[in-house]
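# Any chance you could fold what I've pasted below:
(chains A and B)
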Amino acid sequence: MRRIISVLVENEPGALSRIVGLFAQRNYNIESLTVAPTEDKTLSRLTVVTDGKPETIEQITKQLNKLIDVVKLVDLTEGTHVERELMLIKVKAGGAMRAEVKRCADIFRGQIVDVTHNVYTIQLAGTGEKLDAFIGAIGEAAILEVARSGVTGIARGEKVLSL
Amino acid sequence: MVVRALADEGVEYIYGYPGGALLHVYDAIFRQDKITHVLVRHEQAAAHMADGYARASGKPGVALVTSGPGATNTITGIATAYMDSIPMVVLSGQVPSDFIGTDMFQETDMVGISRPIVKHSFLVKRAEDIPEVLRKAFYIAQTGRPGPVVVDLPKDITDINKKFPYEYPNKVKIRSYNPPVKGHSGQIRKAVDLLLKARRPIIYAGGGVIMGQGSEALTELAHLSGAPVTNTLMGLGSFPGTDKQFVGMLGMHGSYTANLAMHHSDLVLAIGARFDDRVTNSTSKFCPTAKIVHVDIDPASIAKTVPVDIPIVGPVDSVLKEMITSVKQAGDIQDQTAMESWWKQINEWRSGRGGGLFPYDPGDGVIIKPQQVIQTLYEVTKNDDAYITTDVGQHQMFTAQYYPFDKPNRWISSGGLGTMGFGFPAAMGVKMNYPDATVACVTGEGSIQMNIQELSTCKQYDLGVKLINVNNRALGMVRQWQDMQYDSRYSHSYMESLPDFKKLVESYGHVGMSVTELKDLRPAMEEAFALKDRLVFLDVSVDSSEHVYPMQIKDGAMRDMWLSKTERT
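Numbers count the residues shown, from 1 in each chain, chains lettered A, B, ... in the order given. The predicted structure is shown next:
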């Protein structure tokens, strides 16, 4: 089962390595991982997408909670939530393909953020599935480079992950 | 600054080995008299000494080692403490802050290397942080589920020429660390209800009861409820080993009675235990008819390997006391007839097969059986309130089986990691802090050679520990498995070049003795323990073909065991 776990951690050196190390040490999966400071300078928010049996997910959250640097965490997939990933993608856009790529980007509500004679750089945000679909639509032959941010997310409604 | 903080923390002894990165600290040690430093001969022993002291006292032990090899030599000791949840603080030197990451002489990333085997670790960044970091380190090490904490000290941080105001904090608060202080009362009431209504209950108590200082409460609860008690290897001594409700250790080499009682029970009350693979055998066949109540301070221990019906997260002592109150309030709801027939069944298991929890063939009366060594050790030391440490292997299991511990913190053994070489330095750590106590290490000729250099430390500090070497001239447990699973192909499980241990210990200035026949065993043991202040190494030649039984059969249930080389359940 795919799970998105958001974790508030102390903004301390070494905190990230403890979390990543825990996943490696206990043989848990990491599909993607994002981390950045929050509005509170002493805290970072880390979002990890993982996959495993319910017992494994329970252990993951318990083991994460045991780390001294972890302040709080939530399994976003337990409730409704918004999930987003950002992708920057360089696509061949010369000649006849140029208009087609632009149309495709429009359909997916992507934005062209950089242009050369032969290349478009497109920015696209959405769920991982949407980004995959866009890659499929453009076709591998046209893709020059892909940079994806990994998933981040937040719960819907009034639920808040904070101190 | 470091030394002053340690003194303020109430530390009396630290075990360590100096080196370049720590010279400032060693100079400070030289110029004070509040803390006694014990110079070991190998840093691994410093960690085990700290660990041994922690197991005997419940307080964190402290090791002090230099950067690089000094630090890495403690890794086995830290991992040993981590696996058994032992409070310990390891202070390691580090190259100066500005040189970290340059592969400087004796540099190693200690925080990185130790990360998977510590409860937490610190790299001190500013000298003025030392008091607070140390206070936090001790707080984290000994609260909640205890464990080792590493504090890495770059050399510039400990520079004694840098002055700054010093204040040792009385209290620390860590917002992300709040160990539970109390169990859930509703869950506790439910657990007591199950316990009293059970027809075949059993209490399964582990090392958490000892570290959580819950032995007294456990004993009271067991007596109130009348349930049989079994201990894990780590839990021995948490319930009196000579009590009639005690059915012996459980698990891979647990007693026939304990393993059968577990398998047939209808309620397992697990306290401070973690359903380790050496206990459960196959988890899918584990206690098929039992409901499981699990009390533990670490939520991650609950339902980790075996599903639990009633989880209770909290400190064992407080939870047990609440259970006792609840049992007293519940009144007479226990089915006495059911309990009587449960005990009748248990006593049949116990008295069958020659009687006793661990029957064995005593041999011809000349050759010494390893079991007889432990029984003799018990006879000789039982009135001394002795501390017994062990190394790892057959002798460890025999000691767990044949030496009944009536008090907590007297049995000191590496359970989770299974560290050969642990027993001797652990015994030294105990003896250092309890100089009047009888402290013995049961070891084997394999294990003792993993830290034998500490004979020298014992000479320097007059540590009169007793070493009982159960010498079968083989790595017995490895060979037992080779006998049972590899058609007795003894691949590297015997030693052809053993030293003359008697001469060896004599060369260090200690007393060496050796026995080869049963008639000499008891007199030699008595003589060894009569030499109160001396280190005595008693080398006992035992039957090398002996196996440890019972032994659970792989992938089976608790009840599936080999009972001897030819009989099984």
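
# can we go C-alpha only for contacts and neighbour counts from here?
Will do.

# so is the residue of chain A found nearest chain B in a helix, a strand, or just coil?
Residue of chain A nearest chain B, by C-alpha to the nearest C-alpha: A:Val71 (4.3 Å). A:Val71 carries the three-state label strand when classified by DSSP: H, G, I helix; E, B strand; the rest coil.

# need the contact list for it.
The contact partners of A:Val71, by C-alpha atoms under 8 Å, 6 or more residues apart in numbering or on different chains, come to A:Val7, A:Leu8, A:Val9, A:Glu10, A:Asn65, A:Leu163, B:Arg175, B:Ser176, B:Tyr177.

# The helix ranked longest in chain A vs chain B: in contact?
As assigned by DSSP state H, the longest helix anywhere in chain A is helix A:54-66. Yes: using C-alpha under 8 Å from any C-alpha of the partner chain, helix A:54-66 reaches chain B at A:Glu55, A:Gln59, A:Lys62, A:Gln63, A:Lys66.

# check contacts around the most centrally placed residue in chain B.
Geometric centre of chain B, nearest residue: B:Ser413, 3.7 Å, by C-alpha atoms, centre = their mean. B:Ser413 makes contacts with B:Met234, B:Thr389, B:Thr390, B:Asp391, B:Val392, B:Gln396, B:Phe422, B:Gly423, as judged by C-alpha under 8 Å, 6+ apart.

# thinking the second one is in contact with B:Trp411, fair?
Yes: look at B:Thr389 against B:Trp411 with C-alpha atoms under 8 Å: they come within range, at 6.0 Å.

# Quick check: residues of the stretch 201-350 of chain B near chain A?
B:Pro299, B:Ala300, B:Lys304.

# and the residue of the stretch 401-550 of chain B nearest chain A?
The stretch 401-550 of chain B approaches chain A most closely through B:Leu417 (15.6 Å), counting by C-alpha to the nearest C-alpha.

# Please tell me how far the nearest residue to that residue once chain neighbours are set aside sits from B:Ile86.
Nearest non-adjacent residue to B:Leu417, counting by C-alpha to C-alpha, 6 or more residues apart in numbering or on different chains: B:Thr80, 5.3 Å away. Here the criterion is C-alpha to C-alpha, to the nearest Å. By it, B:Thr80 lies 8 Å from B:Ile86.

# Could you report the neighbour count for residue 24?
You didn't pick a chain, so chain A it is. 13 (other C-alpha atoms under 10 Å in any protein chain shown).

# Please refer instead to chain B.
By other C-alpha under 10 Å, the residues close to B:His24 number 22.

# Identify the residues contacting it.
B:Lys155, B:Thr158, B:Asp159, B:Ile160.

# Kindly recompute the last result at 7 Å.
Each residue near B:His24 by C-alpha atoms under 7 Å, 6 or more residues apart in numbering or on different chains is listed here: B:Thr158, B:Asp159, B:Ile160.

# just to revisit the earlier point, restrict the residues of helix A:54-66 next to chain B to the buried ones and give me that as a ChimeraX selection.
Filtering the residues of helix A:54-66 next to chain B down to the buried ones (16 or more other C-alpha atoms under 10 Å in any protein chain shown) takes a single ChimeraX command:
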select /A:59,62,63,66
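
# For the residues of helix A:54-66 next to chain B, give me a markdown table that also has pLDDT.
Converted to a markdown table, the residues of helix A:54-66 next to chain B look like this (pLDDT from 0 to 100):
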| residue | pLDDT |
| --- | --- |
| A:Glu55 | 93 |
| A:Gln59 | 96 |
| A:Lys62 | 96 |
| A:Gln63 | 97 |
| A:Lys66 | 96 |
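
# Okay, now the sheet partners of the helix or strand B:Leu538 falls within, with direction.
Using DSSP states H and E, the element containing B:Leu538 is strand B:536-541. Strand B:536-541 pairs in its sheet with strand B:466-471 (parallel), strand B:511-515 (parallel), by DSSP bridges.

# Turn those into TSV, columns for mean pLDDT and mean neighbour count.
Shown next, in TSV, are the strands paired with strand B:536-541 (pLDDT from 0 to 100; neighbours: other C-alpha atoms under 10 Å in any protein chain shown):
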stretch	mean pLDDT	mean neighbour count
strand B:466-471	98	26
strand B:511-515	98	19
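
# Up against chain A, what does the stretch 51-200 of chain B have?
Within the stretch 51-200 of chain B, the positions adjacent to chain A are B:Arg115, B:Pro116, B:His120, B:Ser176, B:Tyr177 by C-alpha under 7 Å from any C-alpha of the partner chain.

# which ones are touching the closest residue in space to B:Met249 that isn't next to it in sequence?
Nearest residue to B:Met249, sequence neighbours excluded (C-alpha to C-alpha, 6+ apart): B:Asn231, at 4.8 Å. When contacts are counted by C-alpha under 7 Å, 6+ apart, B:Asn231 is found next to B:Tyr204, B:Ala205, B:Gly206, B:Gly248, B:Met249, B:Leu250.

# all strands for chain A, in order.
Listed in chain order, the strands found in chain A under DSSP state E are A:2-10, A:32-37, A:43-51, A:70-75, A:81-92, A:111-115, A:119-126, A:143-155.

# care to break chain A down by domain?
Using automatic domain parsing, the domain parsing of chain A gives A:2-79, A:82-155.

# And for chain B?
Under the assignment automatic domain parsing, the domains of chain B span B:2-158, B:185-351, B:370-548.

# how much space between the closest residue to A:Ala137 other than its chain neighbours and B:Lys502?
Distances taken as C-alpha to C-alpha, 6+ apart place A:Cys104 nearest to A:Ala137, at 7.5 Å, with adjacent residues excluded. Going from A:Cys104 to B:Lys502 by C-alpha to C-alpha gives 85 Å.

# returning to what we had before: in terms of packing, which of B:Thr80 and B:Ile86 has more residues around it?
Higher neighbour count among B:Thr80 and B:Ile86: B:Ile86, with 31 against 26, using other C-alpha under 10 Å.

# So what's the residue count around residue 129?
If you meant another chain, say so; for now it's chain A. When neighbours are counted by other C-alpha under 10 Å, A:Glu129 registers 11.

# if you could check chain B rather than the one you did, that'd help
B:Asp129 has 13 neighbouring residues, counting by other C-alpha under 10 Å.

# measure it to chain A for me?
Using C-alpha to the nearest C-alpha, to the nearest Å, we find B:Asp129 at a distance of 14 Å from chain A.

# contacting residues for that residue?
Taking C-alpha under 7 Å, 6+ apart, one finds nothing in contact with B:Asp129.

# please redo it, this time with the cut-off set to 10 Å
By C-alpha atoms under 10 Å, 6 or more residues apart in numbering or on different chains, the contact list for B:Asp129 reads B:Ile157, B:Tyr166, B:Glu167.

# what's the answer for B:Gly476, then?
Contacts of B:Gly476 by C-alpha under 10 Å, 6+ apart are B:393-395, B:444-446, B:482, B:493-494, B:544-548.

# Save the residues you listed as JSON lines, and put in distance to B:Thr76, neighbour count and pLDDT too.
Formatted as JSON lines, these follow (distance: C-alpha to C-alpha, whole Å; neighbours: other C-alpha atoms under 10 Å in any protein chain shown; pLDDT from 0 to 100):
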{"residue": "B:Gly393", "distance to B:Thr76": "17", "neighbour count": "20", "pLDDT": "96"}
{"residue": "B:Gln394", "distance to B:Thr76": "21", "neighbour count": "26", "pLDDT": "97"}
{"residue": "B:His395", "distance to B:Thr76": "21", "neighbour count": "27", "pLDDT": "98"}
{"residue": "B:Gly444", "distance to B:Thr76": "19", "neighbour count": "29", "pLDDT": "97"}
{"residue": "B:Glu445", "distance to B:Thr76": "20", "neighbour count": "23", "pLDDT": "96"}
{"residue": "B:Gly446", "distance to B:Thr76": "17", "neighbour count": "24", "pLDDT": "95"}
{"residue": "B:Gln482", "distance to B:Thr76": "26", "neighbour count": "16", "pLDDT": "95"}
{"residue": "B:Ser493", "distance to B:Thr76": "22", "neighbour count": "17", "pLDDT": "92"}
{"residue": "B:Tyr494", "distance to B:Thr76": "24", "neighbour count": "16", "pLDDT": "87"}
{"residue": "B:Ser544", "distance to B:Thr76": "29", "neighbour count": "18", "pLDDT": "93"}
{"residue": "B:Ser545", "distance to B:Thr76": "30", "neighbour count": "12", "pLDDT": "93"}
{"residue": "B:Glu546", "distance to B:Thr76": "29", "neighbour count": "20", "pLDDT": "95"}
{"residue": "B:His547", "distance to B:Thr76": "28", "neighbour count": "21", "pLDDT": "96"}
{"residue": "B:Val548", "distance to B:Thr76": "26", "neighbour count": "26", "pLDDT": "96"}
